[in-house]
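1. Build me a structure from this.
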Amino acid sequence: MPSYRLTAEHGVYRLTGFDADLAVHTDIEPGSRFYTYVSAFLAATAGLTPVFDTKYSGFLDGIDGVYPGFLVGDVHVDLGARVKAIRAGEISQSLTDETLCCMLANSAFESLDDDEVASIRDEPVAEVLRHVRNAASHRNEWYFKDWEPRRSASWSRFSFTIDDQMKGSHNPLHGRKCFGGSLHAGDLLFLLSDVAKLAQLN
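-> Numbering: from 1, shown residues only. Sure thing, here's the model as predicted:
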């Protein structure tokens, strides 16, 4: 499988691992619909290194995370204890990455209003994103109702196609893993960039 690496170049995060690089903060511009979600995703994934890498011994030991609440007041979490539990196998880095991808796919797609969705409804690459968002909402598994996929869904730039002739559970993707299976984090960043350009959200 390809590997992806985020590197900082002159203050711009670049994702490498494909023939083309994605300058995330250039292709998805500040103020555009997906920018906040992509930036939050990059911040969250960048912070995973000291959580999972044991060379950062004692990381967050004795540190409380304070999460304000309107209804319950401040919630305190022993972050050092959470790091220890994670390193003991509570959750793997790959599952964490996949979960964050699901959050990004969901929040980015749901940020589109009805008019924006309607304007790109018949675009095959936008239909791919819709199915990715559905997979993210179904335990990171591709999910098709009996009449789905109902439109052409393909991402020609990377020759990715969801067969719209095979419906529901007969579709070969149905029930299979989306992130960490068919797609990875780098794919999602490129996909969001392409849909943002298509919908003129930048």
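2. Excluding sequence neighbours, find me the nearest residue to the residue most central in space within the chain.
-> Centroid-nearest residue in the chain: C101, 2.5 Å away (criterion: Cα atoms, centre = their mean). With Cβ to Cβ, 6 or more residues apart in numbering as the criterion, C101 has its nearest non-adjacent residue at 4.1 Å, and that residue is F179. For every residue, glycine as well, the C-beta is placed using N, CA and C.
3. wait, what's in contact with the residue nearest to the centre of the chain?
-> Applying Cβ atoms under 8 Å, 6 or more residues apart in numbering to C101 gives the contacts F41, A136, N140, F179, L183, H184, A185, L188.
4. Which ones among the residues you listed lie within helices?
-> Secondary structure from DSSP state H places F41, A136, A185, L188 of those in helices.
5. Quick check: the gap between the spatially most distant residue from the centre of the chain and V77.
-> What lies farthest from the middle of the chain is G62; by Cα atoms, centre = their mean that is 30.9 Å. As judged by Cβ to Cβ, to the nearest Å, G62 and V77 stand 13 Å apart.
6. Can you give me the pLDDT of the residue nearest to C101?
-> Note for F179: predicted pLDDT of 97.
7. so who does it touch?
-> D97, E98, C101, C102, A105, A135, A136, N140, A185, L188.
8. Quick check: buried residues in the strand or helix carrying the third one?
-> Right, C101. Using DSSP states H and E, C101 falls within helix 93-110. Across helix 93-110, burial judged by 16 or more other Cβ atoms under 10 Å covers 96-102, 104-109.
9. which residue packs closest to L191, ignoring adjacent ones?
-> Closest to L191 by Cβ to Cβ, 6+ apart is L129, at 5.8 Å.
10. Provide the secondary structure category for the one you found.
-> helix (DSSP: H, G, I helix; E, B strand; the rest coil).
11. returning to what we had before: can you redo the contacts of C101 as TSV with distance to P149?
-> Below are the contacts of C101 laid out as TSV (distance: Cβ to Cβ, whole Å):
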residue	distance to P149
F41	26
A136	16
N140	18
F179	18
L183	16
H184	21
A185	23
L188	19
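12. Which of these sits closest to G47?
-> F41 (11.0 Å; Cβ to Cβ).
13. Can you report how many residues neighbour that closest one?
-> 23 (other Cβ atoms under 10 Å).
14. out of everything not next to it in sequence, what's closest to it?
-> Per Cβ to Cβ, 6+ apart, closest to F41 is L104, 4.5 Å.
15. Contacts only, for the one you found.
-> Contacts of L104 (Cβ under 8 Å, 6+ apart): Y37, V38, A40, F41, L188, L192.
16. repeat for P124
-> By Cβ under 8 Å, 6+ apart, the neighbours of P124 are R151, S152, A153, S154, W155, S156.
17. if we can go back for a sec, next helix or strand past the helix holding C101?
-> Past helix 93-110, the next helix or strand by DSSP H and E is helix 114-120.
18. in that following helix, what's buried?
-> E116, I120.
19. Please apply the same query to stretch 165-176.
-> Buried-residue list, stretch 165-176, by 16+ other Cβ under 10 Å: K167, N171, L173, H174.
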